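Provided below are the primary sequence and the corresponding predicted coordinates.
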Amino acid sequence: MIRAGLLTLAAIAGLSFGAQAQTPSRPDNCILDRCGDRETKPTAAPAQQTSPARPVGPSIAPGRFDFYVLALSWSPSFCLSTDRRTPQCDRGVNNGFVLHGLWPQFERGFPADCDSRQPSAVAMQAARGVWPDEGLARYEWRKHGTCSGKAPQDYFLDAKFARDSVKIPEELKAPKTQLSMSPNEIQRAFMDANARLRPGMMAVQCQRGVLQEVRICMTKDLRDFRTCPEVVRSGCRTQNMSVPPVR
């Protein structure tokens with residue numbers, strides 16, 4: 001049982017916290033979920049069906065979903081891909097994996113933008129240090145958190161709990177030189193570090209042969225990992241990818 005345990009999107013937010021902060025497939029030039037997300041509703045489609053589910057908007061009731069996807073982005077890859085100055089990418093910050101999001105997910109597809117609630121200033125205090133910056137935290141609440149059925153503060157605390165539930169492999173905490181690893185090697189490293197994580201419970205995302213993030217599937221109560229075939233199918237298929245060093 002698990003207890004207690006991205007890239008930032010600079011274009012989304014220019015604000016930074018004081019101390020720090022499923023999609024199936026996505027276009028090749030996208031990094032964060034707003035680029036490639038396609039909101040889809042749950043369906044009992046037969047196994048042989050390959051067409052995507054129909055897009056839906058905020059008609060899905062908050063709290064109606066099957067499991068969570070915890071997305072942890074590899075910060076050095078983002079920092080190499082942007083020209084904008086952001087505290088996340090300051091030399092010496094030593095960011096490795098950072099929280100991208102905690103996403104409610106259906107077995108096939110996912111809900112998004114489920115209502116228009118805005119987090120209060122008090123609620124935003126719970127997001128401090130969980131995401132790399134405030135803008136990303138607000139965006140993730142608006143797009144994904146509103147579908148959780150939780151109040152903003154509770155969703156932010158759940159995101160922190162989920163993030164802290166996953167142990168980062170020692171070799172991927174803060175490598176100072178560039179690594180070359182296959183998606184299977186990265187998955188194996190995470191499974192070795194997290195005893196209850198098994199094949200079929202996570203996917204590694206890459207872009208142009210560079211590690212972007214890992215997506216780990218968790219039960220709705222965040223107490224355990226679980227299988228997620230659609231998420232796994234979205235994973236990177238390259239034989240090897242580069243893992244930029246932490247600076």
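Looks like it came in fine.

secondary structure element for the spatially most central residue of the chain?
The residue at the geometric middle of the chain, judged as the C-alpha nearest the mean C-alpha position with CA atoms, centre = their mean, is A71 (1.7 Å). Element membership of A71 [criterion: DSSP states H and E] is strand 67-74.

show residues contacting the following helix or strand past that strand.
Note on strand 67-74: by DSSP H and E, the next helix or strand toward the C-terminus is helix 75-81. Residues outside helix 75-81 that contact it (CB atoms under 8 Å, 6 or more residues apart in numbering) are 6-8, 31, 86, 88-89, 95-98, 132, 207, 210-212, 243-247. For glycine as for every other residue, the C-beta is placed from the backbone atoms N, C-alpha and C.

okay, D224: pLDDT?
On the pLDDT scale, D224 is placed at 98.

what residues sit buried inside the longest helix seen in the chain?
For the chain, the longest helix by residue count, based on DSSP state H, is helix 152-164. Applying a neighbour-count criterion of 16 or more other CB atoms under 10 Å, the buried positions in helix 152-164 are 152-153, 155-163.

these into JSON lines, with extra columns for distance to E140 and pLDDT?
JSON lines is the format used below for the buried residues of helix 152-164 (distance: CB to CB, whole Å; pLDDT from 0 to 100):
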{"residue": "P152", "distance to E140": "11", "pLDDT": "97"}
{"residue": "Q153", "distance to E140": "14", "pLDDT": "97"}
{"residue": "Y155", "distance to E140": "9", "pLDDT": "98"}
{"residue": "F156", "distance to E140": "9", "pLDDT": "98"}
{"residue": "L157", "distance to E140": "14", "pLDDT": "98"}
{"residue": "D158", "distance to E140": "12", "pLDDT": "98"}
{"residue": "A159", "distance to E140": "8", "pLDDT": "98"}
{"residue": "K160", "distance to E140": "12", "pLDDT": "98"}
{"residue": "F161", "distance to E140": "15", "pLDDT": "98"}
{"residue": "A162", "distance to E140": "12", "pLDDT": "98"}
{"residue": "R163", "distance to E140": "12", "pLDDT": "98"}
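
turn the residues you listed into a markdown table, including distance to V122.
Converted to a markdown table, the buried residues of helix 152-164 look like this (distance: CB to CB, whole Å):
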| residue | distance to V122 |
| --- | --- |
| P152 | 9 |
| Q153 | 7 |
| Y155 | 14 |
| F156 | 11 |
| L157 | 13 |
| D158 | 17 |
| A159 | 16 |
| K160 | 16 |
| F161 | 19 |
| A162 | 21 |
| R163 | 21 |
